[in-house]
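[1] Next come a sequence and a model predicted from it.
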Amino acid sequence: MTTRMSATLSTDDLPLAELMCARLDGEVYPLGACWCPIDEIDGTAVRAASLAPLLPRHAVIERFSAAWVYTLVPEPTPHEFCVDLGARTHLSPSPRMRLREVVCPESDTVAIGDVRVTTPLRTVIDLARWAPPECSDIVPVLLALLRFGGHTDTDLARRRCEAKSVPHRNLALHRLAAVQALLHSS
């Protein structure tokens, strides 16, 4: 009986020296916090699994890391995760990841394998509100996320950003208006 190698490998599976040698031999490639056999197709499920070693308990992959999992942007550094306000998770500072506490209902997440990722719509809302203002190429990313999630307009995202208590409301509405303009022009 032939056993299939795992889609993602970490130092829990092989020593780092062996993984580095396998990379030099062209047998694996780095992805997220793991290594993947070269015959493993880089897709949503593999990307989500590759971040599992970084995920603190109860954490959800969000913002640019979620867009990366959906294969829409290059891999971000650091990766971005969130936990619900009541999760009581503590994480030591790390240059590989950023963790924030937010209100994130279960309906705003989707399970991909063993990890949770914000839905494309929630990712659009978060990036519209929190992407740095100097991130000028965010509108095409928001558009791609909407289409990935099967949305044909920005109405749902706009309604969730319109409440007066939403931080960075004006920035989000401005970006969503630009996305809507792109949708109408195509």
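    Ah, there it is. Residues are numbered from 1 along each chain as shown.

[2] so what's the closest residue to L14 other than its chain neighbours up against?
    Distances taken as CB to CB, 6 or more residues apart in numbering place A22 nearest to L14, at 7.6 Å, with adjacent residues excluded. For every residue, glycine as well, the C-beta is placed using N, CA and C. Contacts for A22 (CB atoms under 8 Å, 6 or more residues apart in numbering) come out as 14, 28, 35.

[3] Ramachandran coordinates for the residue most central in space within the chain?
    Centroid-nearest residue in the chain: A66, 1.3 Å away (criterion: CA atoms, centre = their mean). Dihedral angles of A66 (phi, psi; degrees, to the nearest 10) stand at phi -70, psi -40.

[4] same check, this time on D126
    phi -60, psi -40.

[5] dump the residue contacts of V166.
    With CB under 8 Å, 6+ apart, V166 has these contacts: 129, 160, 172.

[6] correction: S10
    S10 sits next to 33-35, 53 when contact means CB under 8 Å, 6+ apart.

[7] got it, and V69?
    V69 sits next to 44, 47-48, 51, 61, 112, 117 when contact means CB under 8 Å, 6+ apart.

[8] how about 6 Å then?
    By CB atoms under 6 Å, 6 or more residues apart in numbering, the contact set of V69 is 44, 47-48, 61, 117.
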